[in-house]
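A.B. asks: Give me a model of this one.
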Amino acid sequence: MAVLTFGDRQVGYEITGSGPVIVWVAGTGQSGALWRRFQVPYFESRYTNLTPDLCGIGDSSPPPTPCTPASLASDIVELVRGLDVGSATFIGLSLGSAVVQEIALAVPDLVKSAVLIGTWSCTRTQRHLWNWFAARQLTYGLGNDSVISSQDFWTSSASLADADRDFMDELAHFRQDMARDRSLSSLMSHYEADLAHDTQSRLSEIQCPVLVLYGEEDFITLPRYNREVASQIPGAKAIMIREAGHLAVLEHSARVNDAILEFLSA
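C.D. replies: Numbers count the residues shown, from 1 in each chain. Alright, predicted model coming up:
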């Protein structure tokens, strides 16, 4: 991992490949390694892939107080500017999609296009999501690692859980490996950012091309939340990934990658 320092903060990252730049922003408690399993190998022959760790993950600085999608976005913007890669495509999953929304709104000249995966617009008004984030925050605050991992089935597709147990177990081990790079306090801060997310009244101001991708069986950022985001961004396109849960990027990586590549090529 490389590290970029600016002021009293730093961001850990990896950068590989060549060509136009894609910045991949992972979700709650996830490191940039999320993308290095299926996405980076697929895109690195045609694109430069920048995979940062959000604050509190790996070598990145601890989360600020308060922790919000906008404060998380600030670190990513400083990284992209510090590396002098110019405008880029930003792709975010879940909390990462909230961060990408904030970047597209705050520094539109930096965002050539955006892909929002498993996304939503306002936790406060989308009560199912509020309840889910609040419950996870409570569970993580009280539980040990076994309690935490026992809740991970909520992010998975019910179809795949029944049809391919070996693959789902493999993904569970992969996610457990990623979790070693974060602290519990950082994870709690990420949930604080999830709960604070609100771009509902500002989405119409996003001007870059946007693709929204979501799983048919996403029990967290429900399909209708994703479609609502796409409907509020001028010209945005929405694609549903069948039999996929919240982590469609892992469960059906080929379909997700193909949809992203088609979007970028257009």
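
A.B. asks: drop to CA atoms for contacts and neighbour counts, all remaining ones
C.D. replies: Fine.

A.B. asks: how about the strands of the stretch 1-150 of the chain, start to end?
C.D. replies: 2-6, 9-17, 21-25, 48-52, 88-93, 111-117 (DSSP state E, counting those that start in this stretch).

A.B. asks: Distance to Pro63, mean pLDDT and mean neighbour count added to the ones you listed, as CSV?
C.D. replies: CSV is the format used below for the strands of the stretch 1-150 of the chain (distance: least, Cα to Cα, whole Å; pLDDT from 0 to 100; neighbours: other Cα atoms under 10 Å):
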stretch, distance to Pro63, mean pLDDT, mean neighbour count
strand 2-6, 15, 97, 13
strand 9-17, 10, 97, 18
strand 21-25, 15, 98, 25
strand 48-52, 14, 98, 25
strand 88-93, 18, 98, 24
strand 111-117, 22, 98, 25
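
A.B. asks: so which of the ones you listed gets nearest Ala73?
C.D. replies: strand 21-25 (9.6 Å; Cα to Cα).

A.B. asks: What distance do you get for the residue nearest in space to the middle of the chain to His252?
C.D. replies: Centroid-nearest residue in the chain, with Cα atoms, centre = their mean: Leu93, separated by 2.3 Å. Separation of Leu93 from His252 (Cα to Cα, to the nearest Å) stands at 14 Å.

A.B. asks: Who are the contact partners of Arg136?
C.D. replies: Tyr191 (Cα atoms under 8 Å, 6 or more residues apart in numbering).

A.B. asks: do the same with Val23
C.D. replies: Counting by Cα under 8 Å, 6+ apart, Val23 makes contact with 49-52, 88-91.

A.B. asks: coming back round to it: and the strands of the stretch 1-150 of the chain: which comes nearest Tyr225?
C.D. replies: With Cα to Cα as the criterion, Tyr225 lies closest to strand 111-117 of the strands of the stretch 1-150 of the chain, at 11.1 Å.

A.B. asks: Any chance of JSON lines for the strands of the stretch 1-150 of the chain, columns distance to Pro69?
C.D. replies: What follows is the strands of the stretch 1-150 of the chain, written out as JSON lines (distance: least, Cα to Cα, whole Å):
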{"stretch": "strand 2-6", "distance to Pro69": "19"}
{"stretch": "strand 9-17", "distance to Pro69": "16"}
{"stretch": "strand 21-25", "distance to Pro69": "12"}
{"stretch": "strand 48-52", "distance to Pro69": "15"}
{"stretch": "strand 88-93", "distance to Pro69": "12"}
{"stretch": "strand 111-117", "distance to Pro69": "14"}
